[in-house]
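Asker: how would this look folded up:
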Amino acid sequence: MKRNFPKLIALSLIFSLSITPIANAESNSNIKAKDKRHVQVNVEDKSVPTDVRNLAQKDYLSYVTSLDKIYNKEKASYTLGEPFKIYKFNKKSDGNYYFPVLNTEGNIDYIVTISPKVTKDSSSSSKYTINVSSFLSKALNEYKDQQITILTNSKGYYVVTQNHKAKLVLKTPRLEDKKAKKTESIPTGNNVTQLKQKASVTMPTSQFKSNNYTYNEQYVNKLENFKIRETQGNNGWCAGYTMSALLNATYNTNKYHAEAVMRFFTPKLTRTTIPIYWFNAKRDDLFWTNSGKKSTTS
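Answerer: So this is what the prediction gives:
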């Protein structure tokens, strides 16, 4: 018996070490979310490219931080839920990957959308683009403890429950489709709920992270008075239009115009290089004629 005792100790140590990673993994996935109910979304294939997961994990929090600042939300902590897909009524995916952003209460505040890049961007080697918005978060929060399928067509987004009834939860009609799709009826589900895989999208997949405002935050537009005050015609003075728009928004005025800005920085420009239209640079009744000379009348 004494000879077997060291062997028993060794076996006990090996067993305890082997189950430690499993316990840690379970503690990481079963985060302290107060609401343990989950939304289960049917998917055809749960496989998600590594690049997609990495992009979502790396960038989502900076976008969330910016949105929280815009909405004047208090600092909070977030994590991602399981990714899901949205299908057309022919059971084919719309091509995007969706990650819910969960708060510590277990509710979805935002949706991360990862889409294949359509055009080549030399500034980034990534094959995908990321967008974060409230999107379907409100609708998904209403389906806790339910198994659903999310579908889309030209009229918007639908949630199909297990009784095969489709409910329109988000209207997104396209202008060009209003006439052509006017008689389109709401689909009935057509057995789309029979997809084998399902994702518990409201189940946290990693530790919560605080939306610390110093965390790689995106640009936040705080110009409350920004609006389109003039439109660019057939000319190339983008800088002038941009600067005049920013000045007008900053001071909530209409007195700055693109041509006035361009003339201020490049006074030697002639009428052959700048489109001809009147402007009032400093509200001093300064207008220009076709000859480029000062005139006191408009």
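
Asker: So which residues of this protein form strands?
Answerer: Secondary structure of the chain (DSSP state E): strands located at 40-43, 77-80, 97-103, 108-116, 128-133, 147-153, 156-160, 166-171, 197-200, 209-210, 287-288, 294-295.

Asker: Residue ranges in the stretch 101-250 of the chain under the pLDDT threshold?
Answerer: In the predicted model, the stretch 101-250 of the chain carries pLDDT under 70 at residues 119-124, 173-194, 212-224, 233-236.

Asker: hmm, 80 instead?
Answerer: 118-126, 172-196, 211-239, 250 (pLDDT under 80).

Asker: now the helices for it?
Answerer: Taking DSSP state H, counting those that start in this stretch as the criterion, the stretch 101-250 of the chain contains helices spanning 137-141, 177-180, 238-251.

Asker: how does this structure divide up, domain by domain?
Answerer: The chain breaks down by the TED database into domains covering 40-221, 223-283.

Asker: Comparing the ones you listed, which comes out most buried?
Answerer: Each of the domains of the chain was scored by mean neighbour count; the highest is domain 40-221, a mean of 16, by mean count of other C-beta atoms under 10 Å. No exception for glycine: its C-beta is placed from N, CA and C like everyone else's.

Asker: Any chance of a markdown table for the strands of the chain, columns distance to Gly240?
Answerer: Shown next, in a markdown table, are those (distance: least, C-beta to C-beta, whole Å):
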| stretch | distance to Gly240 |
| --- | --- |
| strand 40-43 | 49 |
| strand 77-80 | 41 |
| strand 97-103 | 39 |
| strand 108-116 | 33 |
| strand 128-133 | 30 |
| strand 147-153 | 41 |
| strand 156-160 | 40 |
| strand 166-171 | 39 |
| strand 197-200 | 50 |
| strand 209-210 | 42 |
| strand 287-288 | 15 |
| strand 294-295 | 20 |
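
Asker: for those strands, which one sits closest to Tyr87?
Answerer: Of all the strands of the chain, it is strand 147-153 that lies closest to Tyr87, at 5.3 Å by C-beta to C-beta.

Asker: how much space between Phe84 and Tyr63?
Answerer: Using C-beta to C-beta, to the nearest Å, one gets 18 Å for the distance from Phe84 to Tyr63.

Asker: do the same with Val52
Answerer: Between Val52 and Tyr63 the computed distance is 15 Å (C-beta to C-beta).

Asker: ok, back up a step: please produce JSON lines containing the helices of the stretch 101-250 of the chain, extended by distance to Lys167.
Answerer: Listed next are the helices of the stretch 101-250 of the chain as JSON lines, based on distance: least, C-beta to C-beta, whole Å:
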{"stretch": "helix 137-141", "distance to Lys167": "9"}
{"stretch": "helix 177-180", "distance to Lys167": "20"}
{"stretch": "helix 238-251", "distance to Lys167": "40"}
